[in-house]
Each structure stands twice: as C-alpha cells, then as structure tokens.
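In: Show me the folded form of this:
(chains A and B, ligands or ions: 1)
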Amino acid sequence: MKSESKNLRIAIIGCGKIADQHVFAARRIGGCEVVALCDREVLMARQLGERFGVTACFADAGEMLRLAKPEVVHITTPPQGHYSLAKQCLEAGSHVYLEKPFTVTAPEAEELICLAERRGLKLTAGHNLQFTPEMLEMRRLVKLGFLGGKPVHLESHFSYGLGDASYVGPLLGNRQHWVRQLPGQLLHNILSHGLAKLCEFLDDDQVEVIASAHQSEQLRSLGGAEILDELRVLIRAASGTTAFFCFSTQIKPGRNELRICGPVNSITVDHASGSLIRHENRSYKSYLTFFAPPLVNARQHFRNAWINFKNFLTGKLHQDSGMKELVECFYQSIKNDSAPPLSYREILLTARIMDEIFAQIYKPKPPVSKPSP
Amino acid sequence: MSPNNIISSADRILVTGSNGFIGAKVVEILLEYGFSNVRCFVRPSSKLDRLKQMLAKYPAGKTAEIVAGDLLSREDCQKAADGVSVIYHLAAGMEKSFAGAFMNSALTTRNLMDAFLEHGRPARFVNVSSFTVYSNLKMERGALLDETCALEDNAQERFDAYCFGKLKQEELVRQYGEKRKLPYVILRPGAVFGPGKKALSGRVGIDTFGFFIHLGGENQLPLTFVDNCADAIVLAGLKPGVDGEIFNVVDDDLISSGEFLSAYKRKVKPFFSVRVPFFVANAMCSLWEQYSKRSQGQLPPVFNRRRAAAEWKGNRFSNQKLHERLGWKPRVNMEQAMNAFLAQYESRTP
Ligand SMILES: NC(=O)c1ccc[n+]([C@@H]2O[C@H](COP(=O)([O-])OP(=O)(O)OC[C@H]3O[C@@H](n4cnc5c(N)ncnc54)[C@H](OP(=O)(O)O)[C@@H]3O)[C@@H](O)[C@H]2O)c1
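Out: Numbers count the residues shown, from 1 in each chain, chains lettered A, B, ... in the order given. Predicted structure coming up:
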C-alpha cells in the first residue's frame, strides 16, 4: 500500500521514557508529523504533547485511531500491550513500529506479521542498534564479500549496568512491576538488541539453542529475588553457523559488541566506541607477526576515531542515530512500498530464540528429594 | 506542641518520601513534637536502616507505622491516605527523563490527592516543591527572588526534567485546591544541605569536565539546613490560616558560593578549581545551546541560558514570609549548620 500524503501522519501509543526519543527521531527525519499521542494515563500523553506541541492527546487507542487516522503508529508501551495494540492498529489500517521486545511470545509475533501481510501493511521492531553507523558499515562490507563466504561463527556481547537505581529499584521492590511479569523478566526487556544481531546471520530457522543463566552477586545483594541477570547462550543453525551470546550486568567495562567470523576475514563491531575493526587473514614473515598486526589495528582505531570526529563536527554523531536511521528507513519503505528495513524472518527468529532461552532458564526446577531420615 | 495547631497529637499524619534525606528529618521532628500517629510511606525497595534507627530513638517511634508501596499505584495511595489528616508529601521523581520525573512527581501527587480526598480526613496537604520551579531569566542579577517571582515557562528548553516534574506537580496541587477544595500549602526549599548528603550544590559549580569550575562566584546561596527545612515543612502542616499559601524556605544569614567552597576546601580537601564569571558561563551556555539546536540535539542542551540563569546568575533571597506566617525560626544557625555538614566528611557515614 503506497502512502499518498506528503507528510506521514504519525501517532505514538505509550508516552513513557522512550517516547521522547521517538518524537525526536521523527522531528529530525522530516516528511512526517506526530499528529496524536495516546496513553492509558492521559496525563502522560499530555506532558509529552505539551513539550512537543502536539495537542491531540488520547487515553483510548481506538478513539485515537478513529479520530487522528495516523498512517504509522509507534507502540512504545510495556511489551504486554504490544500484541493487542498492534493488532488494533493494523486492523485500523496503520503501519506499526513496535518497540523491543516485538511481542511477549513468538506466536504473537507470527500472528501480527501474518495480519500485516494480509492487509498490505508494514511492521518493524525497535532493533535500533542494527542501524548504527558502524552496523551499516559492517553490512556494507559483508555485502562486498569481505568475510569470504557465509559466517562460520558469531559472537554478541551485551552489557547492562544495574547502577541505575531509578530503573532497577522500583523493579526489584515490586513483584507486580511489568518487567517482572514478562516470561524472561529483566532479560526479556533487554535481550533482543544483542540477539537480533546474531539472527540477521543465522540464515536457517532450524536452530539449536543451549542457554544457561544465574543471578549475579550484585543483584542478589540488591534483593533480586528470582531475577536472573547473567546469561550465556550457544546457538547452532542447521546450516552449521554457530553463535555465542553473552548478556552480563557484571562485566566491566560493559561490552556491547558483535564479532562475525567468516571463512576468510572477520569483523568486530563495537557499539560502545562506535567503531569497526576488520580482521584480515594475512600472514607476516617471522617476527613481523608481532609488530605488523598491532600497527594495522592501531591504524584502524585511528581511522575510527577520525570518522567519529568528522561525524561529530558535521552533526551526524547522534547517540540515537540507530533509531533515527531505522525509523527513516521504515518510513521510506512505507512511502515507496518497498521491503521494511528489518526482515520478518529476523524479527521472528529473534522472538523464537528468546522464547527458547526463557523456557530453558526459567523452567521449573525438579523438586529436591528430601534425604530420608 | 502549640494548642493552635490544626490537628491534635493523636491525629494521623502521613509522610511520603519518609526514608529520604529530608523526609526522615520531617518524621523525626514530628515525633519530637509528640505526634504519636505518624505513618511513614516508603517504597518496598528502600533500604530502611536510617529511618528505623531514627524511629527507635523516640518513644512515639514505636507506634509509628511504616507502609510500603508506590505512589504510582492508586491502591497503595489509598492504603497510605486512609484516615490521614495531614499529608507531608516529599516523595519526588529525581530521574533524568522527563516522563520519569513527571510520573514520580506529578502522577504520584495526583494519585495521592485523590486518595486523600476520598479516604482521608483532609486538614492539610503539604506539598514540598523546590526553588527549581522559578525562572530568573528576565530578572536582574542580584534581584530579590521571593514567592511572587515568575515560574519557569520552558523546562524542556532548560533541559531540566526535575524542574518539569515539580512544576507540573505544583500545577496539579493548585488545580485540586481550586476545583476540589483541597486545603494545601506549597513549600519551595532552596538548596537543602546537611549530614546525609555529601554532594555540593550545582549552584556552587560543576566538575563535569574533570576539574571543578566554580560558577557561583560571590552569589548568595539559597541554603537551608536539613533540620531547619524539615521544621518549616512540619510547621506548614500545623499552622492555621495558611491554606493556599506558598513559602520559600531558606535559612537566615545566607553565605555566598565562594564562602561555601572555601569552607569545603579547608575542611574536606583542597582541590584545584577555576572560577568562571557569570557573563562567561552564560556566553558558553548560550553557545552550547545554539550548537545543540543546530546539530538537532547531537549534544543535548545540558548547558543553556535558562539553566545558567537559574543556577549561576545570582539572586538575593528572603525568608520573611516563613518567619512571619509560620513563626519559623532556624533551629540551627549557619555556622553550626556548616560545621555539621562538613563534619560528615570526618566520620565514616557513607
Ligand atoms: N534535597 C534538596 O536539596 C531539595 C531542594 C528542594 C526541594 N527538595 C524536595 O524535597 C523533597 C525531598 O527531597 P530529598 O532530598 O529528601 O529527596 P530523596 O532523598 O531522594 O527522597 C525522595 C523520596 O521519594 C521517594 N519516591 C520517589 N518516587 C516515589 C514513588 N513513586 N512512590 C513512593 N515514593 C517515591 C523515594 O523513595 P526511594 O527511597 O524508594 O527511592 C525517596 O525516598 C522532594 O520533593 C524534593 O523535590 C529537595
């Protein structure tokens, strides 16, 4: 369905912390206008509207869809509402951007994708880290054949500090907190960023997943109850590509990296420093092995710093550049009726692997048999 | 206890944010005054050591009630406000995000006021706001900032989520006063200091760039020692005839930013600091703000003219209304207050 109007009409459902970033991204893109805001708590919609000059504020999504008729709806509510709200928006004829995690379970994700396809509408997930400048550069290299073939092995590290008391505090103190109600709890709300990067290259849906998790000392001391925060996952696709995923609240400095190992060359993408390192399969004579590679790497690090500096000077180094790029690509795909920026296969695979991880790590423990007296 | 108080010593009093820096002191002063039915509202995640230790010091502390919950939940607000005559509302959102600050300052206040009107016996709602709500952008340097001064009209441009939350909180309280006849008093403390809070007020300066930039110069600081501030808050809940009033809370004998910094350096540790005059700070903040706009937020507008004015332009402050209408007198003079504040660096209190 090609969008006719000049300015895309955007609405946001869920006016919490992340909604600001969505409005900022839409403002920077141009060719679109935020026309309506909706939150079950209408005061939340109004506080956002007041700050960004949006007057149409609603407490009911149905009413908002009927009156504001947005072409695109960004759903930025807690995940428990994603499925039903996205369904409602699709049924009303709006394209949908769903914040991560896309849905609570993979079957919900499948249903939404089928519905969108039936209706000729588009969906995307808030996997914005997939669209940072260094990830775009990685994709360009992969397309050019830099890896020398299909990835052999992938590694993704994702760190998350427990230091932010304003987030972790209320969550720990309240068993009814929406994060605690998710099947994967804290992990569920954060994992998809790190996993989606792997799923892009796991080109076969038949994957084997082995997950193991525990609770860190720090979380225990904060009263983390049943919440797990240290996760390791091994994945093997039927095609032979393997992957390792590490989520940690403890590793310092925090790591937010992707390493793709190809049959010829490899690539490391580091989100923390916005850099990309190519690992080329070169051999050096004798002691040069110890001198040349560090210098080659140094040159690459210098180049990364220079690129970032240039981008900063030209105003292109926004901290949320991934989100802006993703939103912009999504809007383009709507305007041109082309494929959305994230493949549905990738969104679905991410959701399925998440389901599998949570089933394994939160499975009911077998009862401990009491020693006989 | 004064016989003129609007409540008796047995009436139920609720203190929200009671485990916080000022809230715990408010509870302590209420117990000291002999109120025997104090309900302390805390979040379930709060570490209650400080509050419990303090309660143990007073006989009335044994009858004080600790209720855990979140003011974002209407049910928890109902639990908190049930049968209560006076609410001292100190809980506030200190988050950096606007939505977070709004939620924990304004939404919580709305929920609490609704519960108070429905399930309490409303005699007074003491809303603890802050100096942050003022804007002195259009005021002369050194002009008197009192309760009649203009409020910030663009917290977004000031990039100050806390200010936004507090403004919206006050707005709601005034609305409830007008439309639903909530008997309220608003207090706006300046920079509250004392043992239990080690950070230097941003009005003195910042160390964002790896060294201390002293931006406050010889500006008067709107200081209020935690005991003095808490006492003012307590009185605001007890005195008759002050419904709908607003009070700034600052101490007598205010000292300057320079004096504060010198005392700190002498007592705590000497460190390198660079003094930057206001006109330079203001120009830099203005440039930062312009760059932030031009680059569409690549650098967030953390430094901007509104913030520069609010924190470093410099005003004079008055506590005349506090003295006259609430009969408040500082419990601790400025010298004793500074000594108590600086003494905490000697002891091992975290
Ligand atoms: N300190 C100053 O210099 C200053 C100056 C002017 C005005 N004020 C005002 O004075 C009041 C107290 O300040 P403070 O310095 O004592 O702050 P504080 O120590 O941070 O205390 C704030 C309290 O609010 C609680 N709280 C936050 N959100 C809540 C929610 N949703 N439900 C229940 N409780 C919640 C916090 O609970 P947790 O302990 O669980 O986080 C905390 O105990 C605030 O209203 C503040 O705006 C302070």
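In: all contacts plus neighbour counts: C-alpha atoms, from now on.
Out: Fine.
In: Low-confidence stretches in the stretch 1-150 of chain A?
Out: A:1-5 (pLDDT under 70).
In: Could you tell me how many residues sit around residue B:284?
Out: With neighbours defined by other C-alpha atoms under 10 Å in any protein chain shown, the count for residue B:284 comes to 16.
In: From residue B:302, how far off is it?
Out: 12 Å (C-alpha to C-alpha, to the nearest Å).
In: next one: residue B:330
Out: Residue B:330 sits 35 Å away from residue B:302, taking C-alpha to C-alpha as the criterion.
In: Now residue B:54. Nearest residue, chain neighbours left out?
Out: Nearest non-adjacent residue to residue B:54, counting by C-alpha to C-alpha, 6 or more residues apart in numbering or on different chains: residue B:28, 6.9 Å away.
In: what's near enough to touch residue A:208?
Out: By C-alpha atoms under 8 Å, 6 or more residues apart in numbering or on different chains, the residues touching residue A:208 are A:235-238.
In: is it true that it lies in a helix?
Out: No - assessed with DSSP: H, G, I helix; E, B strand; the rest coil, residue A:208 is strand; it does not lie in a helix.
In: partners of it in the sheet?
Out: The bridge-partner assignment for residue A:208, based on DSSP bridges, gives residue A:236.
In: do the one 4 residues further on as well
Out: Listed beta-bridge partners, residue A:212: residue A:232 (assigned using DSSP bridges).
In: Looks like it contacts residue A:228 (just checking).
Out: No - judged on C-alpha atoms under 8 Å, residue A:212 makes no contact with residue A:228 at a distance of 10.0 Å.
In: between those two, who's got more neighbours?
Out: residue A:228 (20 against 14).
In: leaving aside the residues next to it on the chain, what's closest to that one?
Out: Nearest to residue A:228 is residue A:215, by C-alpha to C-alpha, 6+ apart, at 4.5 Å.
In: I'd say the one you found and residue A:223 touch.
Out: No - in this structure residue A:215 lies outside contact range of residue A:223 using C-alpha under 8 Å: 10.7 Å.
In: and chain B, which residues reach chain A?
Out: Within reach of chain A by C-alpha under 8 Å from any C-alpha of the partner chain, chain B has these residues: B:43-46, B:95, B:97-100, B:102-103, B:107, B:156, B:295-299.
In: all helices of the stretch 51-200 of chain A, in order?
Out: A:61-68, A:82-91, A:106-119, A:133-143, A:165-173, A:185-199 (DSSP state H, counting those that start in this stretch).
In: Are any of the residues of chain B next to chain A buried, and if so which?
Out: With burial judged by 16 or more other C-alpha atoms under 10 Å in any protein chain shown, the buried subset of those is B:43-45, B:95, B:97-100, B:102-103, B:107, B:156, B:295-299.
In: Contacting the ligand as well, which ones from those?
Out: B:43, B:45 (C-alpha under 6 Å from any ligand atom).
In: How far off centre is stretch A:130-147?
Out: Stretch A:130-147 sits 17 Å away from the centroid of its parent chain (C-alpha atoms, centre = their mean, to the nearest Å).
In: what's the neighbour count on residue B:270?
Out: 12.
In: For residue A:229, give me its contacts.
Out: With C-alpha under 8 Å, 6+ apart, residue A:229 has these contacts: A:186-187, A:213-216, A:219, A:247-249.
In: Looking at it now. What's its pLDDT?
Out: Looking at residue A:229, its pLDDT reads 94.
In: Same check on residue A:224?
Out: Residue-level pLDDT assigned to residue A:224 equals 83.
In: Likewise for residue A:204?
Out: For residue A:204, pLDDT reads 68.
In: Need the mean per-residue confidence for stretch B:296-304.
Out: Per-residue scores along stretch B:296-304 average to 94.
In: cool, stretch B:308-325 as well?
Out: Here the average pLDDT along stretch B:308-325 is 97.
In: re earlier: mark which of the contacts of residue A:229 are buried, thanks.
Out: Judged by 16+ other C-alpha under 10 Å, buried ones among the contacts of residue A:229: A:186-187, A:213, A:215-216, A:219, A:247-249.
In: between those, which is nearest residue B:78?
Out: In terms of C-alpha to C-alpha, no member of the buried ones among the contacts of residue A:229 lies closer to residue B:78 than residue A:186, at 28.9 Å.
In: pretty sure the closest one is in contact with residue A:179, am I right?
Out: Yes - with contact defined as C-alpha under 8 Å, residue A:186 counts as touching residue A:179 (6.0 Å).
In: Adding pLDDT and distance to the ligand, write the buried ones among the contacts of residue A:229 out as a markdown table.
Out: Shown next, in a markdown table, are these (pLDDT from 0 to 100; distance: C-alpha to the nearest ligand atom, whole Å):
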| residue | pLDDT | distance to the ligand |
| --- | --- | --- |
| A:186 | 89 | 19 |
| A:187 | 91 | 23 |
| A:213 | 96 | 28 |
| A:215 | 95 | 22 |
| A:216 | 94 | 22 |
| A:219 | 91 | 17 |
| A:247 | 97 | 27 |
| A:248 | 96 | 25 |
| A:249 | 94 | 21 |
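In: so who does the residue in the stretch 51-200 of chain A positioned nearest to chain B touch?
Out: Nearest to chain B, among the residues of the stretch 51-200 of chain A, is residue A:173, at 4.1 Å (C-alpha to the nearest C-alpha). Contact analysis of residue A:173 by C-alpha under 8 Å, 6+ apart lists B:43-46.
In: Name the helix or strand for the nearest residue to residue B:325 once chain neighbours are set aside, please.
Out: Distances taken as C-alpha to C-alpha, 6+ apart put residue B:242 closest to residue B:325, at 7.4 Å, once the chain neighbours are dropped. Per DSSP states H and E: residue B:242 is located in neither a helix nor a strand.
In: give the contact list for the nearest residue to residue B:260 once chain neighbours are set aside.
Out: Spatial nearest neighbour of residue B:260, excluding adjacent residues (C-alpha to C-alpha, 6+ apart): residue B:204 at 7.9 Å. Neighbour list for residue B:204: B:214-217, B:257-258, B:260-261, B:312 [criterion: C-alpha under 8 Å, 6+ apart].
In: Could you rerun that using 10 Å?
Out: By C-alpha atoms under 10 Å, 6 or more residues apart in numbering or on different chains, the contact set of residue B:204 is B:212-221, B:256-261, B:311-312.
In: Could you pull up the mean pLDDT of stretch B:226-245?
Out: 98.
In: Name the residues contacting each of residue A:212 and residue A:228.
Out: Joint contacts of residue A:212 and residue A:228 (C-alpha under 10 Å, 6+ apart) are A:361-362.
In: Tell me the pLDDT of the residue in the stretch 1-150 of chain B that chain A sits nearest to.
Out: At 4.1 Å from chain A, residue B:45 is the closest residue in the stretch 1-150 of chain B, using C-alpha to the nearest C-alpha. pLDDT, residue B:45: 77.
In: And the one 10 residues further on, by the same measure?
Out: Residue B:55 carries a pLDDT value of 93.
In: Same check on the one 10 residues further on?
Out: Reading off the per-residue confidence, residue B:65 sits at a pLDDT of 95.
In: my read: it touches residue B:18, true?
Out: No - shown here, residue B:65 and residue B:18 do not form a contact pair, counting by C-alpha atoms under 10 Å, at 11.1 Å.
In: Let me see the ranges of the strands in the stretch 151-300 of chain B.
Out: With DSSP state E, counting those that start in this stretch as the criterion, the stretch 151-300 of chain B has strands at B:184-189, B:191-193, B:205-206, B:212-214, B:223-225, B:246-249, B:273-275.
In: Which positions in the fifth one come out as buried?
Out: By neighbour count on 16+ other C-alpha under 10 Å, the buried set for strand B:223-225 is B:223-225.
In: is the ligand contacted by it?
Out: No - if you take C-alpha under 6 Å from any ligand atom as the test, strand B:223-225 misses the ligand, and the best it gets is 8.3 Å.
In: Paired strands for that strand, with orientation please.
Out: In the sheet, strand B:223-225 lines up with strand B:191-193 (parallel) (DSSP bridges).
In: what do you get for the fourth one?
Out: Applying DSSP bridges, strand B:212-214 is found paired with strand B:205-206 (antiparallel), strand B:273-275 (parallel).
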